[in-house]
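Quick check, what structure comes out for this input:
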Amino acid sequence: MSDSLFNVHFTAEGVCVGKLRNEVTLSALEPFQVTRMLATDEGKFQGGEDTAPTPLEFFLTGLVGCLMTQVRVFAKRLKIPIDDVNVVCRAKWEAIRDPVGPYQGRPVGFEIDIDVKSEADPEKVTELISAARRGCFVEQTLGQANEIVHNLKVNGRSV
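Reported below is the predicted structural model:
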């Protein structure tokens, strides 16, 4: 029997609509249902028009936002009073030579500072942060190797 309390299931479908602009329709399927559209673009450095945040900006927003949300949700559930939470994430990548493409991205690392304003015992706040980190789906995804399967079609035909 599974220990699962609930499932989280999303899909994202992107279309190209400009030089490097993409419009991505995101659908949450479980545990709630909603559909939203988010656009991404690149700055002039990459040849884009800077009309929307870059994918990396959304990526980091997801990481920081997820962690901040979980701290507040878990604080309420664990009855640990908090007045404020501030999170700063420093993320670095490097572009290295690639034998086929112009470059390949390689993560260097992430450093996250969490500042919690609370009258609770610091040990309880430490436990809260540990629980929130375990509950943050984005951080948990980053913290382990993940299999990513790509299915390629060329002109609508699988290759």
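
As a check, name the ranges of all helices in this structure.
Assignment of helices within the chain using DSSP state H yields the ranges 55-77, 122-135, 137-142.

Now tabulate those helices in CSV and tack on mean neighbour count, mean pLDDT and distance to V154.
Where you see a C-beta, it was placed from the backbone N, CA and C, and this is true even at glycine. As requested, the helices of the chain are exported to CSV (neighbours: other CB atoms under 10 Å; pLDDT from 0 to 100; distance: least, CB to CB, whole Å):
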stretch, mean neighbour count, mean pLDDT, distance to V154
helix 55-77, 16, 97, 23
helix 122-135, 16, 98, 41
helix 137-142, 14, 96, 29
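
Out of those helices, which gets nearest to P107?
Nearest of the helices of the chain to P107, taken as CB to CB: helix 137-142 at 8.6 Å.

Now do that closest one: distance to the chain's middle.
Taking CA atoms, centre = their mean, to the nearest Å, one finds helix 137-142 lying 7 Å from the centre of the chain it belongs to.

One more: stretch 73-83?
Put simply, stretch 73-83 sits 23 Å off its chain's centre (CA atoms, centre = their mean).

And stretch 129-142, by the same measure?
How far stretch 129-142 lies from its chain's middle: 11 Å, per CA atoms, centre = their mean.

Do me a favour and get the end-to-end distance for it?
17 Å (CA to CA, to the nearest Å).

Nearest to I112, out of the helices of the chain?
Nearest of these (CB to CB): helix 55-77, 7.1 Å.

Tell me how far that closest one lies from the chain's centre.
8 Å.

Show the secondary-structure elements that it is packed against.
strand 34-40, strand 84-96, strand 104-117, helix 122-135, helix 137-142 (3 or more CB pairs under 8 Å, 6 or more residues apart in numbering; DSSP states H and E).

From the rest of the structure, what touches that helix?
Helix 55-77 has contacts (CB atoms under 8 Å, 6 or more residues apart in numbering) with 38, 40, 53, 80-82, 85, 87, 89, 91, 93, 110, 112, 114, 116, 118, 128-129, 131-133, 135-139, 142.

how far away is the spatially most central residue of the chain from F45?
Closest to where the C-alpha atoms of the chain average out (CA atoms, centre = their mean) is G62, at 3.6 Å. G62 is 22 Å from F45, where distance means CB to CB, to the nearest Å.

Any chance of a markdown table for the helices and strands packed on helix 55-77, columns distance to K153?
Listed next are the helices and strands packed on helix 55-77 as a markdown table, based on distance: least, CB to CB, whole Å:
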| stretch | distance to K153 |
| --- | --- |
| strand 34-40 | 22 |
| strand 84-96 | 28 |
| strand 104-117 | 23 |
| helix 122-135 | 36 |
| helix 137-142 | 26 |
